[in-house]
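Student: okay, sequence plus prediction incoming.
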Amino acid sequence: MAVRERAEAVLRRLAGDHARLREDQWRAIEALVVDRRRVLCVQRTGWGKSAVYFVATALLREGKQHGPTVIVSPLLALMRNQVESAARAGIRARTINSANLDEWDEITAEIHAGTVDVLLISPERLNNPDFRDGVLPKLAATTGLLVVDEAHCVSDWGHDFRPDYRRLRTFLANLPERTPVLATTATANARVTQDVAEQLGDALVLRGTLDRESLRLGVLDLPSPAHRLAWLADHLDRLPGSGIVYTLTVAAATETAEFLRGRGWSVASYTGQAEDADRRAAEQDLLDNKIKALVATSALGMGFDKPDLGFVVHLGAPPSPIAYYQQVGRAGRAVEHAEVLLLPGVEDAAIWRYFASLAFPPEEQVRAVLAALDTERPISTQALEPVVDLRRARLELMLKVLDVDGAVRRVRGGWLATGEPWVYDEARLRRVADARAAEQRAMREYASTSACRMRYLREGLDDTGAQDCGRCDNCAGPLFDAAVSEAALTAAQTFLGRPGVPIPPKKLWPTGLEAVGVPLKGRIPPAEQALPGRAVGRLSDLGWGGRLRGLAGPEAPDGPVPDDVVAAVVEVLKAWAHGDDPWPRRPAGVVAVGSRTRPLLVGSLAERIAAVGRLPLLGQVEPTGPAGAGGPRGNSAQRVRALHDAFRLPDELAGALPGLDGPVLLVDDLVDSGWTMGMVARLLRRAGAPDVLPLALAVAG
């Protein structure tokens with residue numbers, strides 16, 4: 001039987017008797033199976049990229065002439081779908097990931113025995129020391145086909161660059177000669193396509209049209225988060241089938257899902273902070289149409305496959321049209337019409353700026369890490385934190401980049417410098433940052449354009465065949481208006497106006513403080529801890545977020561606390577005193593955390609609270625040292641190091657503490673890492689305060 005006939009037969013087992021290979025699908029399969037080439041497929045979501053690698057796998061594995069296909073895939077959701085899809089074609093697929101640790105040994109044995117047809121792994125797995133040293137060499141030597149899914153992640157020009165993907169260069173270099181390689185993506189513009197193709201080597205590039213005939217794009221400009229929630233509550237029933245509501249932050253996803261459930265809608269939330277079992281259950285409920293919508297962050301993105309998804313709504317705009325195209329591409333794969341709506345917010349830009357702040361660190365911080373790792377014994381990421389002023393996520397990202405650049409190596413127990421020369425490519429980093437800024441401008445233009453929206457997205461992805469779609473709100477007129485019912489708006493305003501979020505107390509010191517001269521380690525003694533505290537809201541909240549960013553955000557000016565915010569603080573205090581989880585005893589006095597950046601705000605807040613509660617204002621804990629010495633730091637270890645001995649108690653305040661018959665209410669404007677409250681509470685407790693109740697206007701994040 002001819003190769004194409006065999007390929008068509010496999011496709012029918014995968015997708016049903018009606019299925020036929022597209023011409024570019026066949027060209028890709030032929031190049032992989034017959035010519036043993038490297039292929040880059042840049043094709044729209046729903047085109048059938050997975051069919052290419054499953055059909056090619058089935059043909060290559062006939063008679064077990066070739067080794068297994070290795071699929072490098074970014075998300076567990078994709079892996080689970082792929083394992084199920086492969087089984088339909090008689091292909092035995094297994095996955096090694098963080099959710100199946102107890103199966104690793106069994107799967108590794110099956111790989112060595114040759115009984116696995118497809119192995120799905122995450123890019124992070126490529127540099128797990130045990131996998132890299134014990135499994136990867138044999139796997140690379142026997143791989144029959146390498147598949148790089150979501151290949152735009154390889155390029156740091158792309159919207160979703162992941163350093164771990166760059167490790168594929170090593171994998172590629174160790175493949176036997178003429179091992180076919182397939183890279184696939186739906187979201188790569190010309191620059192990213194060229195970058196990925198160059199990393200693959202001599203690659204056949206198959207780039208198709210990026211039009212999505214089933215999608216009807218629209219934008220609704222609503223004046224506030226409350227209006228956006230009210231619009232959803234009023235109009236979800238007009239959106240076809242079930243779908244996804246994307247938010248930019250975890251807090252927004254949680255709040256939106258809670259509000260919609262309160263209005264009678266069956267929805268679930270999905271974020272990267274949720275447990276894996278909860279995420280899987282939420283995915284399955286959406287797949288089974290048991291819920292109307294999944295309210296999700298970008299954690300639900302690449303790889304989630306529900307062909308009949310009827311709508312995608314964004315509460316807030318992603319930072320680039322390319323990321324937006326990818327997310328809306330989840331909808332309308334197997335239905336004639338799917339609704340796609342963007343509801344942008346004025347707060348979007350602030351959220352973009354926050355995520356942009358997590359970019360690659362300045363050279364002096366990188367050099368400090370390299371110097372710390374120039375040792376014979378490996379150092380863990382946690383132990384590096386006292387050495388370098390970076391948050392954990394940003395530090396880990398930097399280490400991954402240094403690893404793929406060959407400057408450090410991950411080993412059992414942590415990281416080591418390799419001693420290889422390394423150059424800080426400032427010019428390239430600046431160009432990438434400029435490209436990100438241009439993407440944000442383009443996203444704002446997408447929201448405001450009067451031209452065809454699908455054409456705008458396709459042109460942003462350098463689709464040379466882009467033309468007016470005739471379906472979007474600008475081409476055919478809007479299908480939805482911005483009207484919301486008074487009842488839904490009032491409910492949303494009430495919901496978002498509820499003040500009060502918890503401030504958890506610090507119970508453990510960060511690791512490694514002794515190495516930098518701070519004699520603290522292990523558990524914080526209970527007699528030196530604060531009690532659980534409260535804040536009005538988070539800076540990222542849909543409701544109070546905007547108001548609080550204007551008072552306590554990084555760029556907020558100083559000034560007296562406004563009356564409406566005082567009223568919200570009073571509501572927090574009432575709920576704290578009489579709610580489900582009340583304070584153990586009524587406060588006996590108020591103490592302010594001395595602030596150099598916003599003394600008027602913090603001082604007036606403490607005064608107003610003392611007056612309303614008829615409590616003595618005991619004074620303020622005074623900052624010591626130069627201005628900025630106790631300011632924000634990247635991670636907990638650096639924060640504690642900076643705050644150690646950074647405050648003092650005036651004699652009058654210190655003398656008042658031992659005689660109190662209740663807790664001190666400790667007042668500040670912003671809780672970021674939580675260590676200012678923790679260190680000042682320790683100071684007060686050691687001076688005789690019976691307990692400390694932290695109270696702040698805002699919590700960062």
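Tutor: Received, thanks.
Student: which SS class is Val52?
Tutor: Look at Val52: counting by DSSP: H, G, I helix; E, B strand; the rest coil, its state is helix.
Student: need the contact list for it.
Tutor: Val52 sits next to 25, 28-29, 32, 41, 182, 184 when contact means C-beta atoms under 8 Å, 6 or more residues apart in numbering. For the C-beta atoms, the positions are set from N, CA and C on the backbone; glycine is no exception.
Student: chain neighbours aside, what residue packs nearest to it?
Tutor: The shortest distance from Val52 to any non-neighbouring residue, by C-beta to C-beta, 6 or more residues apart in numbering, is to Ala28 (4.8 Å).
Student: quick one: which helix or strand includes the one you found?
Tutor: With elements taken from DSSP states H and E, the one containing Ala28 is helix 23-33.
Student: in that helix, what's buried?
Tutor: Neighbour-count burial for helix 23-33 flags 24-33 (criterion: 16 or more other C-beta atoms under 10 Å).
Student: mean confidence for the helix or strand encompassing Arg132?
Tutor: For Arg132, the element it lies in under DSSP H and E is helix 129-134. Mean pLDDT, helix 129-134: 75.
Student: for the helix or strand following it, packing partners?
Tutor: Going down the chain from helix 129-134, the next helix or strand is helix 136-142, by DSSP H and E. Packing partners of helix 136-142 (3 or more C-beta pairs under 8 Å, 6 or more residues apart in numbering; DSSP states H and E): helix 104-113.
Student: name the residues that touch the helix it packs on?
Tutor: With contact meaning C-beta under 8 Å, 6+ apart, helix 104-113 is reached by 68, 94-96, 100, 116, 119, 134-135, 138-139.
Student: low-confidence ranges in the chain?
Tutor: Residues of the chain that meet the criterion pLDDT under 70 lie in 1, 63, 75-81, 98-99, 157-160, 301-303, 625-634.
Student: can you list contacts of the helix or strand hosting Gln327?
Tutor: Per DSSP H and E, Gln327 falls inside helix 321-328. Helix 321-328 has contacts (C-beta under 8 Å, 6+ apart) with 45, 158-160, 186-187, 189, 210, 212, 215, 217, 244, 246, 298, 301-302, 312, 314, 317-318, 340, 342, 439, 442-443, 446, 456-457, 460-461.
Student: could you look up the SS state of the residue nearest to Val408 when sequence neighbours are not counted?
Tutor: For Val408, ignoring the flanking residues on the chain, the nearest one in space by C-beta to C-beta, 6+ apart is Leu402 at 4.5 Å. Recorded secondary structure, Leu402: helix (three-state DSSP).
Student: residues near Leu402, how many?
Tutor: Using other C-beta atoms under 10 Å, Leu402 has 23 neighbouring residues.
Student: please name every helix or strand in contact with the lengthiest helix in the chain.
Tutor: For the chain, the helix with the greatest residue count under DSSP state H is helix 426-448. Contact partners of helix 426-448 among helices and strands, from 3+ C-beta pairs under 8 Å, 6+ apart: helix 321-328, helix 348-356, helix 453-460.
Student: out of those, flag the one nearest Gly262.
Tutor: Of all the helices and strands packed on helix 426-448, helix 348-356 sits nearest to Gly262, with 24.4 Å by C-beta to C-beta.
Student: could you check the angle helix 426-448 makes with that closest one?
Tutor: 160 degrees (axes from the mean of the first three to the mean of the last three C-alpha atoms, to 10 degrees).
Student: contact partners of helix 348-356?
Tutor: So helix 348-356 is contacted by 248-249, 316-317, 319, 433, 436, 440, 540, 549, 553 (C-beta under 8 Å, 6+ apart).
Student: buried ones in it?
Tutor: So helix 348-356, judged by 16+ other C-beta under 10 Å, has buried residues 348, 350-352, 354.
Student: hmm, back to that, what's the angle between the longest helix of the chain and helix 321-328?
Tutor: Using the same axes, to 10 degrees: helix 426-448 against helix 321-328 is 60 degrees.
Student: now the angle from helix 426-448 to helix 453-460?
Tutor: 170 degrees.
Student: can you lay out the helices and strands packed on helix 426-448 as CSV showing distance to Pro74?
Tutor: Below are the helices and strands packed on helix 426-448 laid out as CSV (distance: least, C-beta to C-beta, whole Å):
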stretch, distance to Pro74
helix 321-328, 12
helix 348-356, 18
helix 453-460, 22
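Student: out of these, nearest to Gly522?
Tutor: Nearest of the helices and strands packed on helix 426-448 (C-beta to C-beta): helix 348-356, 32.5 Å.
Student: skip ahead from that closest one and say which helix or strand is next.
Tutor: According to DSSP H and E, the helix or strand after helix 348-356 is helix 363-372.
Student: check which residues of that next one are buried.
Tutor: Buried residues in helix 363-372 (16+ other C-beta under 10 Å): 365-366, 368-370, 372.
Student: quick one on the thing from earlier: got a list of what the residue nearest to Val408 touches?
Tutor: So Leu402 contacts 366, 369-370, 408, 422 (C-beta under 8 Å, 6+ apart).
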